[in-house]
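Participant: here is my input, please return the structure:
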Amino acid sequence: MLGDEIGKGAYGRVYKGLDLENADFVAIKQNLNHKNIVKYLGSLKTKSHLHIILEYVENGSLANIIKPNKFGPFPESLVSVFIAQVLEGLVYLHDQGVIHRDIKGANILTTKEGLVKLADFGVATKLTEADVNTHSVVGTPYWMAPEVIEMSGVCAASDIWSVGCTVIELLTCVPPYYDLQPMPALFRIVQDVHPPIPDSLSPDITDFLRQCFKKWFPVIQNEMILPANDSDNVTQWYQRGVVGTGNREQWQQ
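Facilitator: Presented below is the predicted three-dimensional model:
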């Protein structure tokens, strides 16, 4: 049973629905199976629409939570916990050869227990040689990596750049360059050495962001995103290649 609209994106609307067979609430929005990825439950095609049914994530998006009339900007400690889970989800996606291409606060959902789930795969792509060399700009401007803007190819590192932009968004309520119109922002993303990093951030987060934004970068070993009881797992995620050594061109080979 279709209920209230709870979200809207470039590729469709999200409704809250009720499965009449088992009374579970789901979000009406292939098949990726991971705790940090919104679960696909099924689909229904009509003459005019394709309805994709995903699990309902009750707390909604981080972008909605940080609005000034709600929680506001997150403290660094909370961002660390959220971003660690985002990275674990990205490890899984990249292992499947999938690039999300639109990582931002609006596409990061949380459950009441604080579990993070990546959502909105409307622009995600299965990474192939053709995709790496694709000449199309896909994503949301303020979170885009330079190679995406320049249409020089999408790669796993493109998602990591967007993670850096998302960290700034969660800490300040806006992504880098948000004071600019989209076109000037895109120009600055390509031309600047890296996006502006707020001076108020801790050394650990500043270092993490600089590594996310490097055109050449080492494996990130940074305490900023290490939950107190899960540092070993996060280190393993990095070692498995969430962020690899070398430059972006090497990621595209």
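
Participant: lowest-scoring secondary structure element of the protein by mean pLDDT?
Facilitator: Here the helix or strand of the chain ranked lowest by mean pLDDT, DSSP states H and E is strand 25-28, holding a mean of 37.

Participant: need the CA coordinates for the helix or strand following that strand. CSV is fine.
Facilitator: Counting by DSSP states H and E, the next helix or strand C-terminal to strand 25-28 is strand 40-45. The C-alpha coordinates for strand 40-45 follow below in CSV (Å, rounded to 0.1, in the frame of the first residue of the first chain):
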residue,chain,number,x,y,z
TYR,A,40,16.6,-4.3,-2.5
LEU,A,41,13.3,-6.1,-1.8
GLY,A,42,11.6,-6.3,-5.2
SER,A,43,10.0,-4.4,-8.0
LEU,A,44,6.7,-3.8,-9.7
LYS,A,45,6.2,-2.6,-13.3
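
Participant: in the sheet, who's paired with residue 45?
Facilitator: residue 50 (DSSP bridges).

Participant: tell me the pLDDT of it.
Facilitator: In this prediction, residue 45 carries a pLDDT score of 73.

Participant: shaky segments in the stretch 51-200 of the chain?
Facilitator: Counting by pLDDT under 70, the stretch 51-200 of the chain has low-confidence residues at 51-52, 121-139.

Participant: what about the helices in it?
Facilitator: 62-65, 76-95, 129-132, 146-149, 156-172, 182-191 (DSSP state H, counting those that start in this stretch).

Participant: could you identify which of those is most buried?
Facilitator: With neighbours taken as mean count of other Cβ atoms under 10 Å, the helices of the stretch 51-200 of the chain reach their highest mean count in helix 156-172, at a mean of 25. From N, CA and C alone the C-beta is placed, and that goes for glycine too.
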